[in-house]
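*Asks:* Sequence plus the predicted model coming up.
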Amino acid sequence: MTIQEAQETVDKWINTTGIRYFNELTNTAILMEEVGEVARIMARKYGEQSFKKSDEGKDLGDEFADVLFVLICLANQTGVNLTEALEKNLEKKSIRDSERHKNNEKLK
């Protein structure tokens with residue numbers, strides 16, 4: 001699935017199964033909540049926190065997908081074409097960081 005196809009699929013789902021989009025502020029809050037769920041798993045799986053009983057059955061891939069879904073919702077609501085935005089962003093980073101990381105002693 002391309003990014004554009006994902007945007008179209010999410011839009012179709014929202015307008016049928018989901019009835020309508022939550023407003024942008026609500027979706028921003030939901031995005032932060034979903035990112036928090038990813039952070040919780042990361043802190044326990046890769047960090048120093050231990051798992052709790054309530055963490056059982058949490059799937060990192062599913063949580064990433066929740067983040068992506070809400071991010072796509074926000075992009076759709078605000079008229080952002082994520083394919084174009086990502087292409088522009090990668091171009092910017094490629095120019096700005098063309099030598100930056102090669103010269104970073106911490107990465108060697």
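*Replies:* Arrived safely.
*Asks:* in the helix ranked longest in the chain, what counts as buried?
*Replies:* Of all segments of type helix in the chain, defined using DSSP state H, the longest is helix 24-45. Within helix 24-45, the residues that qualify as buried are Asn27, Ile30, Leu31, Glu34, Val35, Glu37, Val38, Arg40, Ile41, counting by 16 or more other Cβ atoms under 10 Å. The C-beta positions use only the backbone N, C-alpha and C, and glycine is treated the same way.
*Asks:* what about the second one, distance to Leu74?
*Replies:* If I follow you right, that is Ile30. Counting by Cβ to Cβ, to the nearest Å, the gap between Ile30 and Leu74 amounts to 9 Å.
*Asks:* try the fourth one
*Replies:* To Leu74, Glu34 is 11 Å away according to Cβ to Cβ.
*Asks:* now do Lys92
*Replies:* Counting by Cβ to Cβ, the gap between Lys92 and Leu74 amounts to 20 Å.
*Asks:* which of the two has more neighbours?
*Replies:* The residue with the greater number of neighbours, taking Lys92 and Leu74 and applying other Cβ atoms under 10 Å, is Leu74; the counts read 17 against 10.
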